[in-house]
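Student: Here is my input, please return the structure:
(chains A and B)
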Amino acid sequence: MNPAVTDAAARVGRLQRARRARFAAVSAALGLVALGALLLSLTVGDIDVPLADVWAVLTGGGDPASRFVVHELRLPRALLALVVGACFGMSGAVFQSLLRNPLASPDVIGVSAGASAAAVLSSMAFGLSGLALSGGALAGALLAGTLIYLLAWRGGVSGGRFVLIGIGVGTGLISLRSYLMTRAEVTEAHNAFLWLTGSLNGRSWSQLWPLLGCAVLLVPLTLAASRGLAALQLGDEAAGGLGVRVERGRLALLACATGLVGVATAAAGPVGFVALVSAPIARRLLPGQGAALLPSALTGAALVGAADFAAQHALPATQLPVGVVTSVVGAPYLLWLLARANRVGRGG
Amino acid sequence: MTTATSPHTLSARGLGLGYGDRQIVSQLDVDLPPGRFTVVVGPNACGKSTLLRAMARLLTPTAGTVLLDGRDIHTTSTRQVAACLGMLPQTPVAPDAITVADLVGRGRYPHQGWFRRWTAADSEGVAAAMLATDVLDLADRSVDELSGGQRQRVWIAMALAQETDILLLDEPTTYLDISHQLDVLDLLTDLNRDRGVTLAVVLHDLNLACRYADHLIAMKDGRVVAEGAPRDVVTESLVGEVFGLRSTVIPDPASGTPMIVPLGRHHVPSATS
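Tutor: Residues are numbered from 1 along each chain as shown, chains lettered A, B, ... in the order given. Below is the predicted model of the structure:
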């Protein structure tokens, strides 16, 4: 081989290794932040449990009192926060990079609205609660996703049309949800409203297991489907030229991402803005590294983990819903994004 | 890199193309001469980009077939097509903040499997592509910061990293100033001569098309009006027929290939023909 090519190949190989090292380091750091949030949630509270006791409980020992506090009250909730955050983060990363639009997150384009409308409908019209209500929310997300896809279909699905139709469908579903709320009894409406804010209060193992099962299935599926995503980001024609089955690949990714939002929303309600902000944070830490699905999932986990800790302890007497905290972070970001989009004239 | 020992062939028979109800190309037969530099010219909306998309399997024909090595390209697996045929569309999208090396590396997609991610062969393919297009020194730069000419070379490097025998490029010189247009066409000629890559390129500039093409295909209204070596086919009457343009065709003082001097209504003696 030509020595110039050998030299250049070594340089390309070095860049590739540096890229991977940075990816691994950032992922590890994000994982540590998420782990830190988990440990903080397990140790701090009305009853402080020292780290050593937490460790004892996690390894199957510990005294009954710490065991109850850590294992029954705190662990399921803290784990739920991380898994919900990871699902939202990964889903947002898929939607945004696939549709090539930073605004195209499931909570903006109506997928989450589908889940919440379905949840309100199933609790009020059919009196469902618990797991059945979660199932209703998941079905709502999938239905909304399918509806948006079919309406946006014109012999293929383009990013811009998908986003606009998604916003339209989302607005319609929010109206439906509001109408249902006006018909509800006060206590029903209160419960529904709490769920709509996105809350982890009072979550236990029985909510965690189904979520964990779905996540264990969907996360690897999403990562597998994301193989063509690096090519799809270059536009449909370039991706087709590189040998990606464009429409099929896009459908698989959208289905996985919709499923992720659905199961996370079913477990915790539509925790605002997590899907919108996680991927941009991860990509800011890993500039030019494509969709960064795994780092986005870890960012989401760290974000919801930390937000839920803040929600429990920010105000002395009350527990805020976690969605309130994430919205405090997310809403300014959305405004900044819109202002910036207008300035650079890309409309998002 | 690929060699010219057994070049792949690409042709179309009885091709009909359209979007929805709108028929753009009908009954079109075309062969890309293997190992040659083919240029497709024609007025706007004559179907040249549509033809290129169909030849790259990005568009399903309404009639007829595109044949890759004599086989219907639509019954050939996507993967096999991508292994011998590359396509650079007119407006590919560079993701935000992507680096040059990363973008070129994405051309390796068809060579990577589910579990086999990045290998020495990938590094070599990317390195050779970056050397050929002279973008190695930009390797860790962000594509957003590059000039139009540099960016176009990076995209061509990505298409090269795919290591295909056939490369289709849709208007690779559009939006470039004249010196960068020549850079790109010289680069493509190097690829064609040094590596035997079969090229089909859509161009707007007729004089550059005549100078660089081994084989020229002139299209109008979805038909091939003339094809062959530019010296043999480019005449004043052809330019009139294809572009509806009055012109004088003289030998290019630099290359001897036909040079079209367009004649408008002003600044030239009034029409005598």
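
Student: What is the burial count for residue A:23?
Tutor: 17 (other CB atoms under 10 Å in any protein chain shown). Glycine gets a C-beta too; all of them are placed from N, C-alpha and C.

Student: Quick check: pLDDT value at it.
Tutor: Looking at residue A:23, its pLDDT stands at 93.

Student: likewise the one 4 residues further on?
Tutor: For residue A:27, the pLDDT comes out at 96.

Student: which one is it nearest to, not counting chain neighbours?
Tutor: The shortest distance from residue A:27 to any non-neighbouring residue, by CB to CB, 6 or more residues apart in numbering or on different chains, is to residue A:295 (5.2 Å).

Student: quick one: that neighbour and residue A:28 touch, right?
Tutor: No. Between residue A:295 and residue A:28 there is no contact under CB atoms under 8 Å: 10.0 Å.

Student: out of those two, which sits in the busier spot?
Tutor: Neighbour count, other CB under 10 Å: between residue A:295 and residue A:28, residue A:295 has more, with 28 against 12.

Student: where does residue 61 land in three-state SS?
Tutor: You didn't say which chain, so I picked chain A. coil (DSSP: H, G, I helix; E, B strand; the rest coil).

Student: The intended chain is chain B.
Tutor: coil.

Student: And residue B:248, by the same measure?
Tutor: At residue B:248 the chain is in strand, as set by three-state DSSP.

Student: What of the one 5 residues further on?
Tutor: Under three-state DSSP, the three-state class of residue B:253 is coil.

Student: Now the closest residue in space to it that isn't next to it in sequence. Its backbone dihedrals?
Tutor: Nearest non-adjacent residue to residue B:253, counting by CB to CB, 6+ apart: residue B:259, 7.7 Å away. With angles defined as degrees, to the nearest 10, residue B:259 sits at phi -130, psi 130.

Student: give me every residue that touches residue B:259.
Tutor: Residue B:259 is in contact with B:207, B:210, B:249, B:250, B:251, B:252, B:253, counting by CB atoms under 8 Å, 6 or more residues apart in numbering or on different chains.

Student: Distance check, it against chain A.
Tutor: Remark: distance between residue B:259 and chain A (CB to the nearest CB, to the nearest Å) = 33 Å.

Student: Pairing-wise in the sheet, spell out the partners of that residue.
Tutor: Residue B:259 forms beta bridges with residue B:250, as assigned by DSSP bridges.

Student: Can you give me the distance of it to residue B:124?
Tutor: 41 Å (CB to CB, to the nearest Å).

Student: what's downstream of the helix or strand containing residue B:219, the next helix or strand?
Tutor: Here residue B:219 sits within strand B:215-220, counting by DSSP states H and E. Counting by DSSP H and E, the next helix or strand C-terminal to strand B:215-220 is strand B:223-228.

Student: now for the helix or strand following that next one, which elements pack on it?
Tutor: Where DSSP H and E defines the elements, the next helix or strand beyond strand B:223-228 is helix B:230-233. Counting contacts by 3 or more CB pairs under 8 Å, 6 or more residues apart in numbering or on different chains; DSSP states H and E, helix B:230-233 is packed against helix B:206-212, strand B:215-220.

Student: Turn these into JSON lines, columns for mean pLDDT, mean neighbour count and distance to chain A.
Tutor: What follows is the helices and strands packed on helix B:230-233, written out as JSON lines (pLDDT from 0 to 100; neighbours: other CB atoms under 10 Å in any protein chain shown; distance: least, CB to the nearest CB, whole Å):
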{"stretch": "helix B:206-212", "mean pLDDT": "95", "mean neighbour count": "22", "distance to chain A": "22"}
{"stretch": "strand B:215-220", "mean pLDDT": "95", "mean neighbour count": "23", "distance to chain A": "20"}
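
Student: Make a markdown table out of these and add distance to residue A:335.
Tutor: Putting the helices and strands packed on helix B:230-233 into a markdown table (distance: least, CB to CB, whole Å) gives the following:
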| stretch | distance to residue A:335 |
| --- | --- |
| helix B:206-212 | 49 |
| strand B:215-220 | 50 |
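
Student: So which of the ones you listed is nearest residue A:246?
Tutor: Taking CB to CB, strand B:215-220 is the member of the helices and strands packed on helix B:230-233 nearest to residue A:246, at 26.2 Å.

Student: and for that closest one, what are the contacting residues?
Tutor: Contacts for strand B:215-220 (CB under 8 Å, 6+ apart): B:30, B:32-33, B:36-43, B:46-48, B:51, B:209-210, B:224-230, B:233-234, B:238, B:241-242.

Student: Check stretch A:246-262 too.
Tutor: A:87-88, A:90-91, A:94-95, A:98, A:106, A:111-112, A:115, A:137-142, A:144-145, A:149, A:156-157, A:214-215, A:218-219, A:221-222, A:225-226, A:228-229, A:232, A:236, A:239-240, A:275.

Student: Noted, bye for now.
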